[in-house]
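>>> Here's a sequence, model it:
(one chain, ligands or ions: 1)
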Amino acid sequence: MHQVTRRTVLAASLSATTLLRLPAKAAPPPTGRETPGVYRYRIGSFELTALYDGIWYRPITEKFIRNAPFADVEHALADAFMPADKLATPFTTLVVNTGQKLVLIDTGTGGQIAPSAGVLRANLVAAGIDPQAIDLIVISHFHPDHINGIKDKDNDLVFPNAEIMVADAEWAFWMDDANMNAAPSDLKLTFRNQRRIFSDIAPHVARFNHGAEVASGIETLAAPGHTPGHTVFAIHSGNQSLLVLGDTAQHPAVFARHPDWQAAFDIDGDAAVATRKALFDRAAADRMLVTGYHFPFPACGHLVKTAHGYEHVPVEWQPNL
Ligand SMILES: [Zn+2]
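From the prediction side, this is the model:
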């Protein structure tokens, strides 16, 4: 019997390498395209798909943080490797397959916020998810980057078979014309955009009260401040859970590190900070998995309490479910 030794294996592999070595070719041209932004994970028996919609570099001024000197804000942006006067604002939506329903949490920008965002549709295709198969859309709050993806630029529904559910408190605040009329002019644009999205489909938009489940295993929590009816979703299956934080904090490299900061777009800054700290404390103490709409893709990970705030630790990419 021929005995295979380390030396014969080595010799064989060396000669194979020599035989297979081909003359060098010119480098292929760059593709010029990004790869799909899709990340799949499990919570108990639920299958979750994080779908990237892109990123917006929001220009900011000294008015952006109400309760901190602009020099401190510029410092924080530099520490987060962001441009000097722009906040990195990535967008990640989430599809939850509960086994009974396909649920989409927030709908992306609909390509109507920045040229560098609006790739949700392409990523749905890459993930093998047909927009017609979405049964239910739930909305964390009514800012345009969360609701604009309900419709395309021609005002047609992107997910034609989906029921839409929103928090009653969010609907009550934004759909009140007295609130719109009393709002400063830039906020009036937000009110008008909500009417563009919701007015003609209002009879088909169902409302939930915080504490209710929108689907079996998806619980709603009141998380007021960023907006009055801002909603966090707690997903439970088996003995696992996930907090879907929405806009409890924007980019964690700025707002988890500086949880006291009140951004100009928070309707009630004090409440936004109190909500952020309560939820982050709970997530850190219970070592809960969390996802944030404006966290870097795939947007899920853990929060660790530090001396002055929190640090976000991203998940490790799992090649197997
Ligand atoms: Zn947002």
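>>> in stretch 236-252, what counts as buried?
Of the residues in stretch 236-252, 236-237, 241-252 count as buried by neighbour count, 16 or more other C-beta atoms under 10 Å. In short, each C-beta sits where N, CA and C put it, glycine included.
>>> Whichever residue of the stretch 201-321 of the chain sits closest to the ion is in what secondary structure piece?
In the stretch 201-321 of the chain, the residue that lies nearest the ion is Asp247 (4.4 Å; C-beta to the ion). For Asp247, there is no enclosing helix or strand under DSSP states H and E.
>>> from memory it sits against Ser140, does it?
Yes - contact criterion C-beta atoms under 8 Å: Asp247 and Ser140 qualify, at 6.7 Å.
>>> shared neighbours of those two, anything?
Taking C-beta atoms under 8 Å, 6 or more residues apart in numbering as the contact rule, Asp247 and Ser140 both touch 146, 230, 293.
>>> Please state the mean pLDDT value computed over the longest strand that the chain contains.
Longest strand in the chain, counting residues (DSSP state E): strand 46-59. Mean pLDDT, strand 46-59: 98.
>>> chain center to the longest helix along the chain: distance?
In terms of residue count, the longest helix belonging to the chain (DSSP state H) is helix 269-285. Distance of helix 269-285 from its chain centroid, counting by C-alpha atoms, centre = their mean, to the nearest Å, is 18 Å.
>>> Return the list of helices and strands in contact with it.
strand 240-244, strand 300-305 (3 or more C-beta pairs under 8 Å, 6 or more residues apart in numbering; DSSP states H and E).
>>> Within its sheet, name the partner strands of the last one and how each one runs.
In other words, strand 300-305. Applying DSSP bridges, strand 300-305 is found paired with strand 289-291 (antiparallel), strand 310-314 (antiparallel).
>>> what residues does this protein put near the ion?
Contacts of the chain with the ion, taken as C-beta under 5 Å from the ion, map to 143, 145, 247.
>>> which one of those is nearest Arg58?
Nearest to Arg58 among the residues of the chain next to the ion, counting by C-beta to C-beta, is Asp145 at 10.0 Å.
>>> can you count the residues close to the closest one?
23 (other C-beta atoms under 10 Å).
>>> Give the full set of residues in contact with it.
So Asp145 contacts 56, 89, 91, 108-109, 113, 117, 293 (C-beta under 8 Å, 6+ apart).
>>> now with 6 Å?
Going by C-beta atoms under 6 Å, 6 or more residues apart in numbering, Asp145 touches 91, 109, 113.
>>> Right, I'll call it a day here.
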